[in-house]
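K.L.:
Predicted coordinates and the sequence they were generated for:
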Amino acid sequence: MASRAAGFVSGRVCLDLAAEPLDRPETLARFLRTAGLVPPAVRLRALDSRWLRAFRELRDCVADLVTAQVEGRPVRPAALELLNALAAAAAPPAPRAVPTRSGRLVRTLSREPDCRALLAAVARDAVDLLTDPAARALLRRCEGPGCRRCYLDTSRGRRRRWCSSEACGNRARVARHRAARLENRDHSAAARREGARP
């Protein structure tokens, strides 16, 4: 699988899918390309609202199973059954290296992928993650306010707290700074009131 763009912060394609809004077919196409599942030059002519529904179902399934693992509760059998059924579908087309006009090699696929094959690729990634004790032990939930993203904590000392230091980390630091300023202002106001008493 190709390396993913910096916007993908969870450490696994299945975890990144679990956090995707998938509000339009274009959003799904962008996810598939950014995740490295589909090279930029490969067309997705068949991608439509049915693909979107299927990927939303897989997204919700993965989120449910991962959340159960993070929270230490049993998984829902229906979610596990769906994940296994999707993982058993046809594999995505094989990657191929082809030369450009300049002679550089670029990645393409042996044929245009269909929805089932791409669902299978993500579902297999989820199966690999959820059945690997070492990877499962690295699963964390972002501590950012309002963020529900899960990620693999591969940081030194396993002290990572946010899915993204630039997004959720900055929001948390700004919120702490604001709270400290408000507290200081309240203390100053209370001290002034105390000083004003006869």
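P.N.:
That came through, no problem.
K.L.:
mind giving me the domain split of this protein?
P.N.:
Using automatic domain parsing, the domain parsing of the chain gives 13-160, 164-198.
K.L.:
those strands in the protein, which residues are they?
P.N.:
Ranges of strands in the chain, per DSSP state E, are 95-99, 105-109, 139-141, 150-152.
K.L.:
which one of those is the most hemmed in?
P.N.:
Each of the strands of the chain was scored by mean neighbour count; the highest is strand 150-152, a mean of 21, by mean count of other CB atoms under 10 Å. Heads up, the C-betas are built off the backbone N, CA and C, glycines and all.
K.L.:
quick one: strands adjacent to that strand?
P.N.:
The strands beside strand 150-152 in its sheet (DSSP bridges) come out as strand 139-141 (antiparallel).
K.L.:
who's in contact with stretch 86-97?
P.N.:
37, 39, 58, 61, 105-114, 116-124, 126-127 (CB atoms under 8 Å, 6 or more residues apart in numbering).
K.L.:
Sort out which residues of it are buried, please.
P.N.:
Using 16 or more other CB atoms under 10 Å as the burial criterion, the residues of stretch 86-97 that qualify are 86-87, 89, 92-93.
K.L.:
on that earlier part again, would you mind giving the strands of the chain as JSON lines with distance to Leu47 and mean pLDDT added?
P.N.:
What follows is the strands of the chain, written out as JSON lines (distance: least, CB to CB, whole Å; pLDDT from 0 to 100):
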{"stretch": "strand 95-99", "distance to Leu47": "19", "mean pLDDT": "95"}
{"stretch": "strand 105-109", "distance to Leu47": "14", "mean pLDDT": "95"}
{"stretch": "strand 139-141", "distance to Leu47": "30", "mean pLDDT": "95"}
{"stretch": "strand 150-152", "distance to Leu47": "26", "mean pLDDT": "95"}
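K.L.:
hang on, the earlier thing: buried ones among the contacts of stretch 86-97?
P.N.:
Neighbour counting over the contacts of stretch 86-97 (16+ other CB under 10 Å) leaves 37, 39, 58, 61, 108-109, 113-114, 117-124, 126-127 as the buried ones.
K.L.:
re the thing from before, need the worst-confidence member of the buried residues of stretch 86-97.
P.N.:
Lowest pLDDT among those: Pro92, with 86.
K.L.:
Report pLDDT for the spatially closest residue to that one that is not a sequence neighbour.
P.N.:
What sits nearest to Pro92 in space, not counting adjacent residues and going by CB to CB, 6 or more residues apart in numbering, is Ala117, at 4.2 Å. The model reports Ala117 with a pLDDT of 96.
K.L.:
and Ala117, what is it in contact with?
P.N.:
Contacts for Ala117 (CB under 8 Å, 6+ apart) come out as 89-93.
K.L.:
so can I have JSON lines of these showing distance to Arg50?
P.N.:
Output for the contacts of Ala117, formatted as JSON lines (distance: CB to CB, whole Å):
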{"residue": "Ala89", "distance to Arg50": "15"}
{"residue": "Ala90", "distance to Arg50": "16"}
{"residue": "Ala91", "distance to Arg50": "20"}
{"residue": "Pro92", "distance to Arg50": "18"}
{"residue": "Pro93", "distance to Arg50": "19"}
